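**Student:** dropping a prediction and its sequence here:
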Amino acid sequence: MATNNFKCRYCPVCNGLGCIGQLPGMGGVYENKNFQLNCSAWKQIRDNNLEILHAIQEIKVTRDLLRCGPVTGAQENIGFGNEKDFYLPYFKASLRAGIGICVGDGCPDEKLIYGLEAAKKCGFTAGQGEAGAAFFLKPYPLEVLEKRIELIKDTASFIGMDIDSYNILTMRKLVNLEKKTAKDLQAFRSLFNQRFVIKGVFTAEDVELIKEIKPDVVFVSNHGGRIETRVGSSAEFLVNYGEELRKHCKEIWVDGGIRTKLDVQTALYFGASRVILARPIISALTKGGDSEVEKVISALVD
């Protein structure tokens, strides 16, 4: 069996200061700048709006409002000895903690296959409603996406496009990913009946795309600070554009630097329907398994 060599530094506070330069790994682009901004912005928003702090604190947080993020690259990014060893423990720990799952896509194709197999073992099927699995595909050419839809259509309740990942540093030169137009996204959407999610919404250009497409779910994200788009945080983008986005979708999901219950409440206050977590769950899982993941989630909910 291959030996795990986990890359997380297990910092007392996961804020992007301990893994600068670790990419591939747990770090991000711009010397972790956006990763750090993601983590600090939630508190900064509260500090700048103290008059709404009481209203934020009154928001009830339940486990069904949380999901683990769509993560692949367990070997190069996390440090698992075998890629396949990550997916089932990650999903099981999340489900045992009472939260939903997101399944990612990657290169080589086995990453999607491993995630799909793990989701099936956890009992997921299409049509399970809000508690169903959410799958996120990379922006491949349409003929590739058609094959991927065939693979996941009986398991996924949500199907999304990771629109920003054409620009992800760790996948450059490995595969042919495209910057998708509104027409491209409509063609993708026509391939399935599940609820449609557009993930990686983080620029003013993306907002215009959302107005045209009107997906079921808008997922505000800068890929955990791992995408070279613009400097900024998911939090400030949600605050600035959440109200406008809500006019053109049914739900808003958000990830990026959410570490405390107050962070979750802040996201919900500014229009998020669900909050997605990745690094805190991965760190807990690799440090202590299911029990550590449960501690992380318990600290975020009522």
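**Tutor:** Sure, I can see it. Values in this document were obtained by computation on a predicted structure and should not be read as measured data. Numbering: from 1, shown residues only.
**Student:** all strands for this structure, in order.
**Tutor:** 66-68, 102-103, 133-137, 156-162, 195-201, 217-220, 251-254, 274-277 (DSSP state E).
**Student:** winner for burial among these?
**Tutor:** When the strands of the chain are scored by mean count of other Cβ atoms under 10 Å, the highest mean neighbour count falls to strand 102-103 (a mean of 30). Quick note: C-beta positions are derived from backbone N, CA and C, even for glycine.
**Student:** what's it packed up against?
**Tutor:** Contact here means 3 or more Cβ pairs under 8 Å, 6 or more residues apart in numbering; DSSP states H and E; on that basis strand 102-103 packs against helix 110-121, strand 133-137.
**Student:** report all helices and strands that the first one contacts.
**Tutor:** Same thing as helix 110-121. Using 3+ Cβ pairs under 8 Å, 6+ apart, helix 110-121 sits against helix 87-96, strand 102-103, strand 133-137, helix 142-152.
**Student:** what distance separates that helix from the centre of its chain?
**Tutor:** Centre-to-centre, helix 110-121 and its host chain are 17 Å apart (Cα atoms, centre = their mean, to the nearest Å).
**Student:** could you list the residues in contact with it?
**Tutor:** 70, 72-73, 83-84, 86-88, 90-91, 101, 103-106, 133, 135, 137, 148, 151-152, 155 (Cβ atoms under 8 Å, 6 or more residues apart in numbering).
**Student:** if we use 10 Å, what do you get?
**Tutor:** Defining contact as Cβ atoms under 10 Å, 6 or more residues apart in numbering, one finds that helix 110-121 is touched by 70-75, 82-92, 101-106, 124-125, 132-138, 148, 151-152, 154-156.
**Student:** select only the buried ones of the residues you listed in ChimeraX?
**Tutor:** To isolate the buried ones among those in ChimeraX, judged by 16 or more other Cβ atoms under 10 Å, type:
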select :70,71,72,73,74,75,83,84,85,86,87,88,89,90,91,92,101,102,103,104,105,106,124,132,133,134,135,136,137,138,148,152,155,156
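**Student:** re earlier: got the strands of the chain as JSON lines, with mean pLDDT and distance to residue 39 columns?
**Tutor:** Formatted as JSON lines, the strands of the chain follow (pLDDT from 0 to 100; distance: least, Cβ to Cβ, whole Å):
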{"stretch": "strand 66-68", "mean pLDDT": "98", "distance to residue 39": "17"}
{"stretch": "strand 102-103", "mean pLDDT": "98", "distance to residue 39": "20"}
{"stretch": "strand 133-137", "mean pLDDT": "98", "distance to residue 39": "22"}
{"stretch": "strand 156-162", "mean pLDDT": "98", "distance to residue 39": "22"}
{"stretch": "strand 195-201", "mean pLDDT": "98", "distance to residue 39": "19"}
{"stretch": "strand 217-220", "mean pLDDT": "98", "distance to residue 39": "15"}
{"stretch": "strand 251-254", "mean pLDDT": "98", "distance to residue 39": "14"}
{"stretch": "strand 274-277", "mean pLDDT": "98", "distance to residue 39": "12"}
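**Student:** dump those to JSON lines, plus distance to residue 184.
**Tutor:** Shown next, in JSON lines, are the strands of the chain (distance: least, Cβ to Cβ, whole Å):
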{"stretch": "strand 66-68", "distance to residue 184": "26"}
{"stretch": "strand 102-103", "distance to residue 184": "22"}
{"stretch": "strand 133-137", "distance to residue 184": "12"}
{"stretch": "strand 156-162", "distance to residue 184": "9"}
{"stretch": "strand 195-201", "distance to residue 184": "12"}
{"stretch": "strand 217-220", "distance to residue 184": "17"}
{"stretch": "strand 251-254", "distance to residue 184": "21"}
{"stretch": "strand 274-277", "distance to residue 184": "24"}
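**Student:** hmm, back to that, for residue 244, which of the helices and strands packed on helix 110-121 is the nearest?
**Tutor:** strand 133-137 (23.0 Å; Cβ to Cβ).
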